[in-house]
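S.K.: Turn this into a model:
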Amino acid sequence: MKRVFQLLVVIVCSVVPGLCRRSFAQVDPWEFEVYPAQTIGRGKMELESLNSIVANGHSEGDSGTSSGDFPPEHMYRTSFELTYGFTDKFEAAAYLNLAKPNGHDFQYAGSKYRIRGSLFDQGELPVDLGYYVELEWHKTPQFDDSELELELKPIIEKDFGRLEIDLNPKFEKAIFVGPDKNKGFEFGYAVGVYYNYWRPLSPGVEAYGGIGLIDDSDPIDDQQHYIFPVVRGELGGGIEYNFGVGIGLTRGSDHVIPKLNIELERFVGALL
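M.R.: Residues are numbered from 1 along each chain as shown. Presented below is the predicted three-dimensional model:
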């Protein structure tokens, strides 16, 4: 497992040279998802439910996957994402983030708004390229110490027959409000390696992590790095799933995080 993680780190560092001098930004526990270069397509609408629970993690706030007052231990998080494809290469989405901290009721945790696009046609370049821009609004101080953040993500995809590799380097910055608004960008990553063996059921491995600020990264023990063995597939009727169990690889990570993402896609016709 350690060798697999080291290989994934090397891949990310080769794509974004000069950033990986020590290791990786805040992990988004509401969105354990790796994006491919291709968007959902013109006139399609997708409703996705992203779910995770910290089965074994830190018991203090502002530790592990928690950036706020609530401790991550036994916290259940769910996010509802609604995406619409305006063209074959451009889509927009809105998210509603909810959470149930241990011993508390469900609470509103924040909202996100993003655009995602594909560059060039699939297969036109040696790698498929895309982009991702997101604005995150957090409920503070319960779930985060930064109220408003901007996230930028280049998307790189390469297929080798049935083997698919997706790379999502992440650059994140607090903006306009909050104690970190004058700080620089943080750097993180999401990486997925999948073997598309059978449409209803295919195996893969995903990795997520962050180093903190690019110009002042956290000590390795304080950083978060996770590896998720996953299975994913399409069940028919436009329903897709991705299930995995994440294992924390550093002292700063939570220890065990199961996740389940379910997508429901429908063609609704072009709005514009």
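
S.K.: which residues sit against the helix or strand hosting Ala109?
M.R.: Applying DSSP states H and E as the criterion places Ala109 in strand 107-119. By Cβ atoms under 8 Å, 6 or more residues apart in numbering, the list of residues contacting strand 107-119 from outside reads 30, 35, 37-39, 77, 79, 88-101, 128-139, 142-144, 151, 155. Yep, even glycine has a C-beta here, placed from its N, CA and C like the rest.

S.K.: That strand pairs with which strands?
M.R.: According to DSSP bridges, the neighbouring strands of strand 107-119, each with its direction, are strand 90-100 (antiparallel), strand 128-138 (antiparallel).

S.K.: Can you add distance to Ala207 and give those strands back as a markdown table?
M.R.: Supplementary listing: these in a markdown table, determined by distance: least, Cβ to Cβ, whole Å:
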| stretch | distance to Ala207 |
| --- | --- |
| strand 90-100 | 22 |
| strand 128-138 | 17 |
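
S.K.: got those strands as a markdown table, with mean pLDDT, mean neighbour count and distance to Tyr108 columns?
M.R.: A markdown table is the format used below for these (pLDDT from 0 to 100; neighbours: other Cβ atoms under 10 Å; distance: least, Cβ to Cβ, whole Å):
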| stretch | mean pLDDT | mean neighbour count | distance to Tyr108 |
| --- | --- | --- | --- |
| strand 90-100 | 98 | 18 | 6 |
| strand 128-138 | 97 | 18 | 10 |
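
S.K.: Tell me which of the ones you listed sits nearest to Ser52.
M.R.: Ser52 lies closest to strand 90-100 among the strands paired with strand 107-119, at 10.0 Å (Cβ to Cβ).

S.K.: tally of neighbours for Val268?
M.R.: Counted with other Cβ atoms under 10 Å, the neighbours of Val268 add up to 11.

S.K.: and what of Asp62?
M.R.: Around Asp62 there are 15 other residues, counting by other Cβ under 10 Å.

S.K.: Contact partners for the closest residue to it other than its chain neighbours?
M.R.: Spatial nearest neighbour of Asp62, excluding adjacent residues (Cβ to Cβ, 6 or more residues apart in numbering): Gly68 at 6.8 Å. If a contact means Cβ under 8 Å, 6+ apart, then Gly68 has Gly61, Asp62, His138, Lys139, Thr140, Pro141, Gln142, Phe143, Asp144, Asp145 as its contacts.

S.K.: Out of those, which comes closest to Trp198?
M.R.: Distance to Trp198, by Cβ to Cβ, is smallest for Phe143 among the contacts of Gly68, at 38.1 Å.

S.K.: Mind jotting down where the strands sit in the protein?
M.R.: 44-53, 76-87, 90-100, 107-119, 128-138, 148-160, 163-174, 186-195, 202-213, 216-217, 224-236, 239-248, 256-267 (DSSP state E).

S.K.: I'd guessed Ser202 sits against Gly192; true?
M.R.: No. Using Cβ atoms under 8 Å, Ser202 and Gly192 do not qualify as a contacting pair, with a distance of 11.4 Å.

S.K.: So for those two, which residue has more residues nearby?
M.R.: The neighbour comparison of Ser202 against Gly192 (other Cβ under 10 Å) goes to Gly192, with 24 against 18.
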